[in-house]
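>>> quick one, what's the 3D model for this:
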Amino acid sequence: MALRKKSPRATSLPPEVLADITDVLEACPAFLGVGRPELARLAGAAEIDYLADEREPVTPAFVVLRGAVYLRDADGHSVDVVAQGEYAAPSAGERLAPVESSLVVWLPEAARDLAWSLPPDELPRRLTQPDRPVAELQLAPVRTIMRSPVLTAEPHETCREVAQRMVENGVSSVLLRMGDQVGIATDRDLRTRLVAEGRSPDTPVGEIATAPARTIEADTSVFEVLVEMVALGIHHLPIVESGRLVGMVSSGDLNQLGARSPLHVRVAVDRAADLDGVAAAREDLPDMVDTLLGAHMTAADIGRVVATVTDRIQRKIFALIRAEMGEPPTSYGWVAFGSQARREQTLLSDQDHGLVLDDAATEEQLAWWAEYADRAVAALEQCGYPRCHGEVMANNPHWRHTQSGWLQEFGALISRPSERHVMESSIAFDLRTVEGDLMARELMQPVLQTAQTSQIFLAHLARNTVSHRPPLGFLGRFAVKRSGEHSGSFDVKAGAMLPIADLARLSTLARGGPEVGTDARLAAAAVAGQLSEDLAETLRAGYELAMRLRLRRHVDQWRRGEPLDNWLDPDELDAVDRSRLRETFKAVRTAQEALTVRYHTDMLG
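Numbering: from 1, shown residues only. As a prediction, the model looks like this:
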């Protein structure tokens, strides 16, 4: 089953896929009362398509199989959101814009005659007065939940006056016009910057405000706002539209997203007084992931949230360590590698990190950092992050260097591409500074430019990339483990996610691109002509699918109290997912074969 952006044509879908499409139509509220034989005929004339960019409808009607889609009018305004399992028949001139990369079933003209054909008095009450689902709420623009109008004040007004007005209006923040900037003062600011410091209530509120305040556009999705607030550790966000202040959203407004939202986990981490408290907060991660999966968030978005929470946990641990050891003696950068750096984390992630230190650090200061790293690794382990089996951790001197030391190490990876260096480069070239003022990506920019022009290094990296073969056997069957603990299963991380991430990384290094995330790398590779548009879209969709299946596997195992792993039994997957995985594996093979030819990997010594 090809995942492509083309007009539908007669296809011969496997019977099990046709049955699954029929099941989806039968469960769709629009087709209540329609017989299964008629729905099966619709399925036979339908086509499954991957939607990654805004486009015109291909057929008169569709159902969303995975993800969610905005309907936009000719002026570009969103007029409706079609969630997973829902039907829509776009009006003339309307276009489809995926909220996230989505899978849709294009339906023939006959679907419009069958949809909503049940008499109105027979429709269930739940269709005429629906509750607003969490999924729809998270996909909606933040303007739908913001508070408006907002309370404003002048910078010269006293804190006493402003606090009284906040109480009268029942709000926890006030916005200030400070020249061409917007400032914000919150109840927390009044406590920490006024009362705690013993300042007079008659202090001008402008002196305790934060300016400029971080703002966000009104058409940003509620989910994006939630992630932003978790990442920045803030509780209030002013909302603007065309440069005009239109509202405010607070963490309290987002509580309706559920008791296991990322904000609740973040608050638990922030309030933790010790490592036991941090560990307890992290135990809420599986519940949070389960909630987001149930709300039909994309796996990419969930991976970004998990990585953001990991960033938050690490910063909290570092703060606890500094409370005992004192402030750092030099400039530094705590660097995340791998999936955390790409913001693609799942619940089964070990520690992958390093330290960048100032070139001016003395031996005594370097010893301080060695102890700091030892404590950090032990604390992360206590909080649920296992030590890396390959010892890619900051307590290992090999992954803790000064700025010039890192440049030498990275230079060696490129100039002497041994098997070990190639393996390390697959980790080290996915990097991001989590805390500190030394930005690893900027520091490594000269090395990345060198990598772009080193054909020998790229060839060795390509050989490593093509060595990770997808688990697809003869006649398109899944290649599963034949014996032992995981007999009949395949490793979805090693078989799907690792090969695609390797392909994406190589493409970025070869063109000197700035992208770190796998999806962004693949999209850029298509634009640059390194991959065809169809191939890139299939790989992007396949990576999303593999990550979602992996997340669901982890949550299910966690609920059963089992150790987490990445093994999937293809017989336990539904027919659509099995078919899509096969197409993904075929696409990986195609891309790998192209690399073998381009870099002559079979000729390397």
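
>>> tell me which stretches of the stretch 101-250 of the chain form strands.
Here the stretch 101-250 of the chain has its strands, by DSSP state E, counting those that start in this stretch, at 102-107, 152-153, 173-178, 181-186, 216-217, 236-241, 244-250.

>>> just checking, Glu544 touches Ala299?
Yes - counting by C-beta atoms under 8 Å, Glu544 does reach Ala299; the two are 5.4 Å apart. C-beta coordinates here come from the backbone N, C-alpha and C atoms, glycine included.

>>> how far away is Leu503 from Phe410?
21 Å (C-beta to C-beta, to the nearest Å).

>>> how about Ser487?
Relative to Phe410, and taking C-beta to C-beta, Ser487 is found at 41 Å.

>>> so Leu348: helix, strand or coil?
The three-state label given to Leu348 by DSSP: H, G, I helix; E, B strand; the rest coil is coil.

>>> what about it, neighbour count?
Number of residues near Leu348 (other C-beta atoms under 10 Å) recorded here: 18.

>>> quick one: contacts for it?
550, 554, 564-566 (C-beta atoms under 8 Å, 6 or more residues apart in numbering).

>>> so, low pLDDT: which residues of the chain?
Along the chain, segments meeting pLDDT under 70 span 1-12, 77-81, 118-140, 252-261, 263, 474-475, 605.

>>> outline the domain layout of it.
15-131, 142-257, 454-605 (automatic domain parsing).

>>> just send the ones you listed back as JSON lines, with distance to Thr291 too.
Output for the domains of the chain, formatted as JSON lines (distance: least, C-beta to C-beta, whole Å):
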{"stretch": "domain 15-131", "distance to Thr291": "15"}
{"stretch": "domain 142-257", "distance to Thr291": "8"}
{"stretch": "domain 454-605", "distance to Thr291": "10"}
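
>>> separation between the spatially closest residue to Glu94 that is not a sequence neighbour and Gly338?
Among residues not flanking Glu94 along the chain, Leu71 sits closest, at 5.2 Å (C-beta to C-beta, 6 or more residues apart in numbering). To Gly338, Leu71 is 38 Å away according to C-beta to C-beta.

>>> these two: who's more crowded?
Using other C-beta under 10 Å as the criterion, Leu71 and Gly338 rank with Gly338 on top: 22 against 19.

>>> check the contact between that one and Glu424; I expect there is one.
No - using C-beta under 8 Å, Gly338 makes no contact with Glu424, being 11.5 Å away.

>>> and for the two, which residues touch both?
By C-beta under 8 Å, 6+ apart, no residue touches both Gly338 and Glu424.

>>> where along the stretch 251-400 of the chain do the strands fall?
Using DSSP E, counting those that start in this stretch, strands in the stretch 251-400 of the chain cover 332-337, 353-357, 400-402.

>>> distance from stretch 155-166 to the middle of the chain?
Mean-position distance between stretch 155-166 and its chain equals 40 Å (C-alpha atoms, centre = their mean, to the nearest Å).

>>> residues contacting it, please?
With contact meaning C-beta under 8 Å, 6+ apart, stretch 155-166 is reached by 151, 153, 172-174, 176-178, 183, 185, 187, 190, 194, 199, 201-206, 208-209.

>>> ok so, going back, so for Ser487 and Phe410, which sits in the more crowded spot?
Counted by other C-beta under 10 Å, Ser487 and Phe410 do not tie: Phe410 has more neighbours, with 24 against 11.

>>> pretty sure that one is in a strand, no?
No - judged by three-state DSSP, Phe410 forms no part of a strand; its state is helix.

>>> that one and Gln449 touch, don't they?
No - at 11.4 Å, Phe410 does not count as touching Gln449 under the criterion of C-beta under 8 Å.

>>> test my guess that Asp569 contacts Gly488.
Yes - contact criterion C-beta under 8 Å: Asp569 and Gly488 qualify, at 5.6 Å.

>>> can you list residues touching both of these two?
Common neighbours of Asp569 and Gly488 (C-beta under 8 Å, 6+ apart) are Val480.

>>> what separates stretch 98-114 from the chain centre, distance-wise?
26 Å.

>>> meant to ask about stretch 510-524, not that
Put simply, stretch 510-524 sits 15 Å off its chain's centre (C-alpha atoms, centre = their mean).

>>> could you export it as PDB, CA atoms only?
C-alpha atoms of stretch 510-524 as PDB (Å, rounded to 0.1, in the frame of the first residue of the first chain):
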ATOM      1  CA  ALA A 510      26.100  15.900   3.600                       C
ATOM      2  CA  ARG A 511      24.500  19.200   2.900                       C
ATOM      3  CA  GLY A 512      25.600  21.000   6.100                       C
ATOM      4  CA  GLY A 513      22.100  21.600   7.300                       C
ATOM      5  CA  PRO A 514      21.100  22.900  10.700                       C
ATOM      6  CA  GLU A 515      18.300  20.400  11.400                       C
ATOM      7  CA  VAL A 516      18.500  18.100  14.400                       C
ATOM      8  CA  GLY A 517      15.100  16.400  14.500                       C
ATOM      9  CA  THR A 518      14.500  13.400  12.100                       C
ATOM     10  CA  ASP A 519      11.300  14.700  10.600                       C
ATOM     11  CA  ALA A 520      12.800  18.100   9.800                       C
ATOM     12  CA  ARG A 521      15.900  16.500   8.400                       C
ATOM     13  CA  LEU A 522      13.900  14.300   6.000                       C
ATOM     14  CA  ALA A 523      11.700  17.200   4.900                       C
ATOM     15  CA  ALA A 524      14.800  19.300   4.200                       C
END
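
>>> and the contacts of that stretch?
Contacts for stretch 510-524 (C-beta under 8 Å, 6+ apart): 52, 101, 300, 341-344, 430-432, 441, 448-449, 451-452, 458, 500-501, 503-505, 507-508, 525, 528, 530-531, 536, 539-540, 543-544.

>>> wait, which of the strands of the stretch 251-400 of the chain is closest to Met393?
strand 353-357 (6.0 Å; C-beta to C-beta).

>>> residue contacts, the closest residue to Ala526 other than its chain neighbours?
With sequence-adjacent residues excluded and distances taken as C-beta to C-beta, 6+ apart, Ala526 is closest to Ala536, at 3.6 Å. By C-beta under 8 Å, 6+ apart, the contact set of Ala536 is 522-523, 525-526.

>>> just the element for Ala536, please.
For Ala536, the element it lies in under DSSP states H and E is helix 533-560.

>>> so how far is that helix off the chain centroid?
Worked out by C-alpha atoms, centre = their mean, helix 533-560 lies 12 Å from the chain centre.

>>> that helix versus strand 102-107: what angle between them?
Inter-element angle recorded for helix 533-560 and strand 102-107: 110 degrees (by axes from the mean of the first three to the mean of the last three C-alpha atoms, to 10 degrees).

>>> next helix or strand past helix 533-560?
Next in sequence after helix 533-560, counting helices and strands by DSSP H and E, comes strand 567-568.

>>> name every strand pairing with that next one and say which way it goes.
The pairing partners recorded for strand 567-568 under DSSP bridges are strand 490-491 (antiparallel).
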